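K.L.:
model the structure of this input:
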Amino acid sequence: QTRTSQFHALPGSAAAENHGRTGQHLEGETAMSALGTTATLKIMKLATGGCFLDGKELGEVFLPGREIPAGVAVGDEVEVFIYRDSEAVLTATTSRPLAEVGQCAFMKVLTVTKAGAFVDWGLPKDLFVPASEQYKPLEAGRSYVILVYVDERTGRLAGTARLHSRLSEDGSDFRAGQEVDLIISGFSDLGYKAVINHTHLGLIFRDDTPEELRYGQKLKGYVKFVRTDKKIDLSLLPPGLSGLDMLGQRILEHLRTHGRSSHLTDQSPSADIAAAFGVSKSNYKKAVGRLYKQKKISIETGRIVLL
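P.N.:
You can find the predicted model right below:
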């Protein structure tokens, strides 16, 4: 497969068919059924061990008997996720995976082989991540941000940890202040790398987050601005607020709910500050200093006090 840093609308992906509403089931629309997506399909006929669904342009899709909802009959519709089983047969499940085609999720590695790794994505059949789709060898027991795609060679669903090969860094379609869905996908000296709306990659500078973030964490954020090189700078702070402003508000709330005083000062151990607020000692000192200058707190020996 040809790799590029630009986003490709993968065949049958939710991102390709419904950009901006990735992975949502479209009610009231004539949605195409596609491998790796959720669709509402009609039961065509019963068979040994299950039934066959009308997969429209995909053809017949097998739904195992254990997956058939109670009380349904031929002609009824069921909402299912479509994949290929170990025999490459088009199969449906009423279970929901952690991610559909064109989506990312934090997945745990179950087993590792020379050919690749198998990760838990919420379905009985584990998702395969080829060795060629790993930016470094994945380790059993650890979790990684994985994007689901259709392997063009085998026609099966697979996963990739090489997000830069399939997600775009071109922010031309974004605007400053826009709210976005984020998944923390890595770290750098400048801050946190993040997947944006399952389709793009951006960077959150450390000063633009009021707390420490975890790899794989899902959260809301904002486009801070799109740089001249089209790369996307992100923030967890609503437009107009700084990280120190938000941290200051959290410190004041902490004081209000803890008897108007706290023994966490700018001299407290970094570990205690991180445990209470999830921020660095440096940022905590800056926020405390700002509150003191604003005459919202007083600094006494061994404690700060709400005024």
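K.L.:
what lies in contact with stretch 227-239?
P.N.:
For stretch 227-239, the surrounding residues in contact (Cβ atoms under 8 Å, 6 or more residues apart in numbering) are 169-172, 174, 176-177, 180, 182, 194, 196, 200-205, 208-210, 219-226, 243, 245-246. Using the backbone N, CA and C atoms, a C-beta is placed for each residue, glycine as well.
K.L.:
do stretch 111-121 as well
P.N.:
With Cβ under 8 Å, 6+ apart as the criterion, stretch 111-121 contacts 97-99, 105, 107-110, 126-134, 137-140, 144, 146, 148, 159.
K.L.:
kindly report the same for stretch 266-276.
P.N.:
Outside stretch 266-276, the residues touching it (Cβ under 8 Å, 6+ apart) are E212, H254, L264, V279, S280, K281, Y284, K285, V288, G289, I299.
K.L.:
how about a cut-off of 6 Å?
P.N.:
Stretch 266-276 has contacts (Cβ atoms under 6 Å, 6 or more residues apart in numbering) with L264, K281, Y284, K285, V288.
K.L.:
out of the residues you listed, which are buried?
P.N.:
Neighbour-count burial (16 or more other Cβ atoms under 10 Å) is assigned, among those, to L264, K281, Y284, V288.
K.L.:
give me phi/psi at L247?
P.N.:
Main-chain torsions, L247, degrees, to the nearest 10: phi -60, psi -40.
K.L.:
how many neighbours does it have?
P.N.:
By the criterion of other Cβ atoms under 10 Å, L247 has 23 neighbours.
K.L.:
how about the nearest residue to it once chain neighbours are set aside, secondary structure?
P.N.:
The shortest distance from L247 to any residue other than its chain neighbours is 4.2 Å, reached at A287 (Cβ to Cβ, 6 or more residues apart in numbering). The three-state label given to A287 by DSSP: H, G, I helix; E, B strand; the rest coil is helix.
K.L.:
please list all residues in contact with A287.
P.N.:
Counting by Cβ under 6 Å, 6+ apart, A287 has contacts L244, L247, G248, I251.
K.L.:
so the last one sits in a strand?
P.N.:
By that I understand I251. No. When classified by three-state DSSP, I251 is found to be helix rather than part of a strand.
K.L.:
and the gap between it and T257?
P.N.:
11 Å (Cβ to Cβ, to the nearest Å).
K.L.:
more neighbours, those two?
P.N.:
I251 (24 against 8).
K.L.:
and the closest residue to that one other than its chain neighbours, what's its pLDDT?
P.N.:
Distance criterion Cβ to Cβ, 6+ apart; nearest residue to I251, sequence neighbours excluded, is A287 at 6.0 Å. Per-residue pLDDT puts A287 at 88.
K.L.:
narrow the contacts of stretch 227-239 to those in strands?
P.N.:
Here DSSP state E is the test, and the contacts of stretch 227-239 give 180, 182, 194, 196, 200-205, 219-226 as lying in strands.
K.L.:
put the buried members of those residues into a PyMOL selection.
P.N.:
Entered in PyMOL, the line below selects the buried ones among those, by 16+ other Cβ under 10 Å:
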select buried, resi 180+182+194+196+200+201+202+203+204+221+222+223+224+226
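K.L.:
tell me how many other residues crowd the closest residue to K296 other than its chain neighbours.
P.N.:
Nearest residue to K296, sequence neighbours excluded (Cβ to Cβ, 6+ apart): L307, at 6.0 Å. Neighbourhood size, L307 [other Cβ under 10 Å]: 12.
K.L.:
repeat for T48
P.N.:
Neighbour tally, T48, other Cβ under 10 Å: 6.
K.L.:
thank you, goodbye.
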